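In: how would this look folded up:
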Amino acid sequence: MKKNTIALTASMVVIMVTCSVFAQENTSTAEVVTTNEDASWVPFTEGNWPTTPTLAMFIAVPVAVTIYGTITWDWGSQKNPHFGDEGFFGKNTYAGGADKMGHAFSHYVMFRALHNYFDWSENGKSTKWFYSITSASCVGLLIEVGDAFTGEYGFSYEDMVSDMTGIGLGILLEYSPTLDSLIGYSWHYWPTERYKDRWKSKPFNMTTDYDGAKFVLNFRLAGLQNLGLQLPNFLRYIQLDFGYFTRNYIHRKETDPPPYRSLYFGISLNFMEVVKDFFDNPESRTCKILQQPFKYYHIPAGYDDDYKI
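Out: All right, here's what the predicted structure looks like:
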């Protein structure tokens, strides 16, 4: 797809941070429900009918995506559906794979935002899994179906694979708090001069400004403590970073260097641990909320290098 869903996901990030407040308040309730072994995680059955906030969000997500796509991405401009053949990370693909990393990241964050919301709205019941997985997956599917009815894009199975990969990672980390403390998926972005030149005409089109983006897997040493390992205190501030990015693929000028793909690696400061130091109770609601931006946005405070491929 020639545009990813980071812009659409931005609104979900707001929901994620807001609902972190409710999720913290809801912990005790969730524990009670879990210990009582709620009948099933399958919704719309006896005892598992969705709450009003759940039903509202469950309906609002696909409706909002449909309206947004129709207005912004010209859905319906072509009567007959068609498929697109985009590839994944090949040298001669549209963005060298940066768009696929963007799809994975967008749906990763979207799933986690929705999971937080439904954890609150479902009072911690296991049905939160159905609603969050279904909603996030439907967003990806709706976007591709909509793209199939445009002359420019087309249904891309590569995008769907990337979307599901991001959702799958989100499921894994939500299911295992231990892994969540050890592994992160984050996005680093700084606007390029090309984006600044287009600011007046397309002020929110940062989603295709791949020259300013890096997608990074973070391995937080602090998470090793949850595996029973005793570490020197200073090591909890360190994380190992492994990422991917591309340059000079989109909005390329004739004078620009040839496009290239690159692996990224580095050692950086784990700001989530820094935030903890400002609180007597690092498990407090306020601390958790303030940690959220550093969980999904990567600040390269440390050493980093890259390797062109």
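In: host element of the residue lying closest to Asp241 once chain neighbours are set aside?
Out: With sequence-adjacent residues excluded and distances taken as C-beta to C-beta, 6 or more residues apart in numbering, Asp241 is closest to Gly266, at 4.4 Å. All C-beta atoms are positioned from the backbone trio N, CA, C, and that covers glycine. Using DSSP states H and E, the element containing Gly266 is strand 260-269.
In: could you export that strand as CSV, CA atoms only?
Out: Extracted in CSV, the C-alpha atoms of strand 260-269 (Å, rounded to 0.1, in the frame of the first residue of the first chain):
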residue,chain,number,x,y,z
TYR,A,260,19.1,1.8,-0.2
ARG,A,261,17.9,-0.5,2.6
SER,A,262,19.7,-0.7,5.9
LEU,A,263,19.9,-2.7,9.1
TYR,A,264,20.2,-0.7,12.3
PHE,A,265,21.7,-1.6,15.7
GLY,A,266,22.6,0.3,18.8
ILE,A,267,22.6,0.6,22.6
SER,A,268,20.3,3.3,24.0
LEU,A,269,18.8,4.6,27.2
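In: which helices and strands does that strand pack with?
Out: strand 213-220, strand 238-247, strand 302-308 (3 or more C-beta pairs under 8 Å, 6 or more residues apart in numbering; DSSP states H and E).
In: turn the ones you listed into JSON lines, columns for distance to Ala113.
Out: As requested, the helices and strands packed on strand 260-269 are exported to JSON lines (distance: least, C-beta to C-beta, whole Å):
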{"stretch": "strand 213-220", "distance to Ala113": "18"}
{"stretch": "strand 238-247", "distance to Ala113": "22"}
{"stretch": "strand 302-308", "distance to Ala113": "28"}
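In: to Leu172, which of these lies closest?
Out: Closest approach to Leu172 among the helices and strands packed on strand 260-269 (C-beta to C-beta): strand 213-220, 12.7 Å.
In: for that closest one, buried residues please.
Out: Across strand 213-220, burial judged by 16 or more other C-beta atoms under 10 Å covers Ala213, Lys214, Phe215, Val216, Leu217, Asn218, Arg220.
In: can you give me the angle that strand makes with strand 302-308?
Out: 120 degrees (axes from the mean of the first three to the mean of the last three C-alpha atoms, to 10 degrees).
In: who touches Tyr296 in this structure?
Out: Val13, Val109, Gly184, Tyr185, Ser186, Trp187 (C-beta atoms under 8 Å, 6 or more residues apart in numbering).
In: got the contact list for the closest residue to the fifth one other than its chain neighbours?
Out: Using C-beta to C-beta, 6+ apart and skipping residues adjacent in sequence, the residue nearest Ser186 is His298, 3.8 Å away. Taking C-beta under 8 Å, 6+ apart as the criterion, His298 is in contact with Ser186, Trp187, His188, Lys214, Val216, Asn218, Asp241, Gly243, Ser268.
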